[in-house]
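Enquirer: below is the sequence, then the predicted model.
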Amino acid sequence: MSTDHVLPAGLPPAPTDSVALRAESDRRADRFFRYLVTSAGLFVLVALAGAAASMLWGGRLAFSTFGLDFLTTTDWDAVGQKFGALVPIYGTLVTALIAMLIAVPVSFGIALFLTEVAPPWLRTPVASAIELLAGIPSIIYGMWGLFVFVPVMSATVIPFLTEHLGPLPIFGPLFQGPPLGIGMLTAGIVLAIMVIPFISSVMREVFLTVPTRLKESAYALGSTTWEVSWNVVLPYTRSAVIGGIFLGLGRALGETMAVTFVLGNAHRMTASLLMPGNSIAATIANEFSEADSEIYLSSLIALGFLLFIVTFVVLAIAKLMLMRLNRNEGHR
Amino acid sequence: MFKTYTTRLALAGLVAVGSISAQAADITGAGATFVYPVMSKWSADYSQATGSKINYQSIGSGGGIAQIKAGTVDFGSSDKPLDSKELADAGLGQFPSVIGGVVPVVNIKGIEAGKIQFTGPLLADIFLGKINRWNDPQIVSINAGITLPDAAITIVHRSDGSGTTFNWVNYLSKVSPEWKTKIGEGTSVQWPVGVGGKGNEGVAAYVKQIPGAIGYVELAYAMQNKMTYGAVQNAAGKFVLPSRESFQAAAASADWKNAKDFYLIITNAPGEASWPIAATNFILMYKQPKDAARSKNALAFFKWALENGKPQAEALDFVPLPDELVKQIEAYWAAEIKA
């Protein structure tokens, strides 16, 4: 061993002033570092508040002119200068809901397949493929949706749905109408395909963090793969899984180009999911450059603010549900 | 001593050359997407002929009006003319640049381009949703030669604000009192029925995808996409097909002489051969520009385009302005625009 740790006898400790100096400069560096990361953290809040405030300011004319009617009316009339945001809000929520209904189970399946079922040699290629899917620009999804998927929808899927689900008593009205191929259902499905990579890659990552010991114990007790997934893997990773779902939901709510292509951009509210509708982001993208009066422009900016609020409310509700779930967990 | 003098001279020369070429390359414009094909062709040929470059941004008519009002471009372009009061308030002058036309396009199996006929009120009723099947007696009665299917009509309109929409609904307002009171006219309106496509391409794509669809696009898009366009009955009662000739007839029959600041929308034009939904593109420029030299360059470009750019416009299915109108525009420049 070396003799580094042995202090030479008789010598005084290292000069105290240099230690003090060192400590002082360390403190300064520490302080500086703290300010640096604090400002990075605050930057998010400032940017968020700034964006919200500037949209609220830009939309003040619309809010003051229409008041609450802006939220509850379906008019969107640039000639008569009457604007109401109900149709785009409805379209945004419905398409995002359809997307999540499809994307969450499929993503769960993909992640389970990749972590529990697939042979090891297949896992990496499929996982990379999913990440590649996440990198495709949304306009490509939109064009694929319009030129490839819409004809399939209008020729086979929608006639099938209208024929078999249309006559049903309660859900029937959701599936009635001419087979345009363009509409909220198509937009929801395209959105689902777009968010699946996000949700499934997060799910896969967190499923991999489940300790092998836990899973093997469950298998040892005679559990099936499904029982292990549902009773061990999912509870262990629940909050992270829900985080991944939020990520996908956020993207589905704000997605613009792909939705513009396949949603139909019609300012009308219909019960049928097969009919065209409109979403907040699509309305803004379509109409912003040609908004030729102040109230029109202001209404579009106000829509942007509402998208902000809608996203915030949806995420807050999801968070609350998660908290309640965790509380109940404690009582069990 | 002599050396420094020559260096200075050379530097001065360089600076001068730099400023000339900067000035020559400096004409910027923004506005209607409708004229983008002919603008880019003109500017390419103009730059070959004179060395001056035109930078035209096709951001839409509304954007063009906003940009020229903000003073960020040398000229703006719009498919919707501004009235004299709005022009005066902003200190702007206005003149037409080129004429085109909006055509109804349909997707009905077995019907060839130009074979289906519409009247103005019929188009208005279809776009109001009052007539919603292709075999409606009102459509059948004026289309004796063809068999129309028992199929639903799907309307395809523009989802973005557009000068094309403006001219289309302006025409519908002129021929249908119900359209005028219920919907009105503008670059975007509250459509009672149908789906919205973004841009001419979007409308063309939707019409091609949806069986039984009817939409409206500029003639060039209908031609490029080989779409089934229809004939429309004009103000003189004749059914005419969309073509350069019928657009030209509409432009020629329009009363430009008495139009103050060229404020004239040539839809529903008189004349036996006139296409009823012809559209004019307008250029907006400051009457007292901050930078007179740049406006002068822009006017030189438009003078060249209006006088020498006719073949290029015709090749792209646009109609160049008649000579008489060009003379009137040049007189307007001399009188109104101080460049």
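Expert: Right, received. Where do you want to start? Numbering: from 1, shown residues only, chains lettered A, B, ... in the order given.

Enquirer: now for chain B, the helix or strand with the poorest mean pLDDT.
Expert: Confidence across the helices and strands of chain B bottoms out at helix B:2-24, with a mean of 43, counting by mean pLDDT, DSSP states H and E.

Enquirer: show me which residues of the stretch 201-339 of chain B sit near chain A.
Expert: B:202, B:205, B:206, B:209, B:210, B:211, B:212 (CB under 8 Å from any CB of the partner chain). The C-beta positions use only the backbone N, C-alpha and C, and glycine is treated the same way.

Enquirer: what about the helices in the stretch 101-250 of chain A?
Expert: Per DSSP state H, counting those that start in this stretch, the stretch 101-250 of chain A has helices spanning A:120-134, A:138-144, A:150-152, A:158-164, A:184-207, A:212-220, A:225-228, A:234-254. These are given in chain order.

Enquirer: need the pLDDT of residue B:212.
Expert: Turning to residue B:212, the model gives it a pLDDT of 91.

Enquirer: might one say that residue A:97 is in contact with residue A:185?
Expert: No - with contact defined as CB atoms under 8 Å, residue A:97 and residue A:185 do not form a contacting pair (11.2 Å).

Enquirer: looking at these two, which one has more neighbours?
Expert: When residue A:97 is set against residue A:185 and neighbours are counted by other CB atoms under 10 Å in any protein chain shown, the residue ahead is residue A:185, at 23 against 16.

Enquirer: roughly how far apart are that one and residue A:177?
Expert: Going from residue A:185 to residue A:177 by CB to CB, to the nearest Å gives 10 Å.

Enquirer: can you tell me the SS state at residue B:105?
Expert: Local secondary structure at residue B:105 is given as strand here, using DSSP: H, G, I helix; E, B strand; the rest coil.

Enquirer: pretty sure it contacts residue B:219?
Expert: No - using CB under 8 Å, residue B:105 and residue B:219 do not qualify as a contacting pair, with a distance of 9.8 Å.

Enquirer: what do the two both touch?
Expert: residue B:229 (CB atoms under 8 Å, 6 or more residues apart in numbering or on different chains).

Enquirer: and the residue in chain A positioned nearest to chain B, how many neighbours?
Expert: Ranked by CB to the nearest CB, the top residue of chain A for proximity to chain B is residue A:290, at 2.5 Å. Close neighbours of residue A:290, defined as other CB under 10 Å, add up to 26.

Enquirer: residue contacts, it?
Expert: Contacts were defined as CB under 8 Å, 6+ apart; by that measure residue A:290 touches B:60, B:61, B:62, B:63, B:160, B:161, B:162, B:187, B:188.

Enquirer: please apply the same query to residue A:49.
Expert: Residue A:49 neighbours (CB under 8 Å, 6+ apart): none.

Enquirer: secondary structure of it: a helix, I assume?
Expert: Yes - the assignment for residue A:49, made by three-state DSSP, places it in a helix.

Enquirer: per-residue pLDDT of it, please?
Expert: According to the per-residue confidence, residue A:49 scores 92 in pLDDT.

Enquirer: likewise for the one 3 residues further on?
Expert: Note for residue A:52: predicted pLDDT of 92.

Enquirer: isn't it up against residue A:308?
Expert: Yes - because the distance of 5.6 Å satisfies CB under 8 Å, residue A:52 is recorded as touching residue A:308.

Enquirer: how confident was the prediction at residue 219?
Expert: Defaulting to chain A. pLDDT, residue A:219: 90.

Enquirer: can you look at chain B instead?
Expert: As predicted, residue B:219 sits at a pLDDT of 88.

Enquirer: that one and residue B:200, how far apart?
Expert: With the distance defined as CB to CB, residue B:219 ends up 10 Å from residue B:200.

Enquirer: the two: which is more packed in?
Expert: Residue environment comparison for residue B:219 versus residue B:200 gives the larger neighbour count to residue B:219, 26 against 23, counting by other CB under 10 Å.

Enquirer: ok, residue B:238 - how many residues close by?
Expert: Other residues within reach of residue B:238, judged by other CB under 10 Å, total 15.

Enquirer: then residue A:116?
Expert: Counted by other CB under 10 Å, the residues lying close to residue A:116 total 15.

Enquirer: mind listing what it touches?
Expert: Applying CB under 8 Å, 6+ apart, one finds that residue A:116 lies in contact with A:207, A:225, A:228, A:229, A:233.

Enquirer: show me what contacts the last one?
Expert: Read it as residue A:233. Listed by CB under 8 Å, 6+ apart, the contact partners of residue A:233 are A:112, A:115, A:116, A:207, A:210, A:215.

Enquirer: buried subset of those residues?
Expert: A:112, A:115, A:207, A:210, A:215 (16 or more other CB atoms under 10 Å in any protein chain shown).

Enquirer: so which one among the contacts of residue A:233 has the lowest pLDDT?
Expert: Scanning the contacts of residue A:233 for pLDDT, the smallest score is found at residue A:116, 86.

Enquirer: in the stretch 101-250 of chain B, what residue is nearest chain A?
Expert: residue B:161 (2.5 Å).

Enquirer: great, nothing more from me.
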